[in-house]
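Asker: Provided below for reference: sequence and predicted model.
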Amino acid sequence: MKAILAVLAIVVLAVVIYLGVSYRRVQQAAYGPAKEIVSESITKSGDTWHVSFVTKFDAPLDKVFEAYSHPERLKEYAPDNVLKSEVLEDQGNTKTIDVVGKLDILPPGFKVQNIRIRYTMYPAEHRITTETIDFKLADMKSELKFTAAPDNKGTILDFSETSKDKAPMLVESLQKGALREQYLTTVRAVNKALGLTPAHETREAG
């Protein structure tokens with residue numbers, strides 16, 4: 001009996017520790033400070049999330065826009081979070097990309113997601129739009145606007161997105177954390193592509 005109670009105590013302790021770590025991870029992903037974000041807003045109305053972020057890159061406008069114009073290179077610069085990023089179609093200013101992404105904040109069974117995304121680039125306007133064309137969890141649309149920073153030494157990205165749930169979803173804190181983590185993964189990959197972040201820092205941030 002004592003042996004059984006001891007085993008149960010260990011199991012309970014392990015569960016408590018796991019839940020504590022998971023809760024801290026969710027809180028960090030959803031609300032924790034991130035040096036890559038200047039300002040942010042994540043709100044939900046009905047079944048639709050409305051997301052906006054502002055980020056400053058210490059690189060010229062054209063270089064930042066060029067880096068974002070090649071989403072197929074995400075796997076190269078964020079291999080821990082992007083397991084696949086492959087071009088299915090490339091026509092003019094539009095690319096269709098197959099992405100397999102991993103979000104550590106999500107529970108088992110949800111961590112790895114397959115998404116097909118259409119990117120449309122507007123070089124003259126320094127603007128990019130995206131929309132999911134095959135994603136089982138949500139319909140997502142985003143717009144990225146790039147402008148030169150006032151000091152002319154960097155680039156400001158204004159990112160806005162809507163994400164409309166397609167099926168019963170996870171708790172809102174997990175959804176919020178996932179949306180934020182997805183954005184940060186891309187920003188950190190672009191920083192790495194621009195040579196602004198050492199490789200070991202990118203891995204630790206992810």
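Answerer: That came in fine, so what should we check first?
Asker: show me the contacts for residue 40.
Answerer: Shown in contact with residue 40 (Cβ atoms under 8 Å, 6 or more residues apart in numbering): 51-54, 180. Yep, even glycine has a C-beta here, placed from its N, CA and C like the rest.
Asker: give me phi/psi at residue 106?
Answerer: The phi/psi pair for residue 106 (degrees, to the nearest 10) reads phi -80, psi 150.
Asker: in the sheet, who's paired with residue 82?
Answerer: For residue 82, the beta-bridge partners are residue 101 (DSSP bridges).
Asker: how close does it sit to residue 113?
Answerer: Separation of residue 82 from residue 113 (Cβ to Cβ, to the nearest Å) stands at 11 Å.
Asker: what do the two both touch?
Answerer: 100-102.
Asker: so who does residue 36 touch?
Answerer: Contacts for residue 36 were tallied using Cβ under 8 Å, 6+ apart; they are 55, 184, 187-188, 191.
Asker: swap the cut-off to 6 Å and go again
Answerer: 55, 184, 187 (Cβ atoms under 6 Å, 6 or more residues apart in numbering).
Asker: closest to residue 165 out of those residues?
Answerer: residue 184 (21.3 Å; Cβ to Cβ).
Asker: can you list phi and psi of that closest one for me?
Answerer: phi -60, psi -40.
Asker: tell me the pLDDT of it.
Answerer: Confidence at residue 184, expressed as pLDDT, is 95.
Asker: residues contacting it?
Answerer: So residue 184 contacts 34, 36 (Cβ under 6 Å, 6+ apart).
Asker: now tell me which helix or strand of the protein has the poorest mean pLDDT.
Answerer: Least confident element among the helices and strands of the chain, by mean pLDDT, DSSP states H and E: helix 2-31 (a mean of 42).
Asker: quick one: the helices in the protein?
Answerer: For the chain, the helices defined by DSSP state H cover 2-31, 61-68, 74-77, 172-193, 199-205.
Asker: low-confidence ranges in this structure?
Answerer: 1-33, 168-170, 198-206 (pLDDT under 70).
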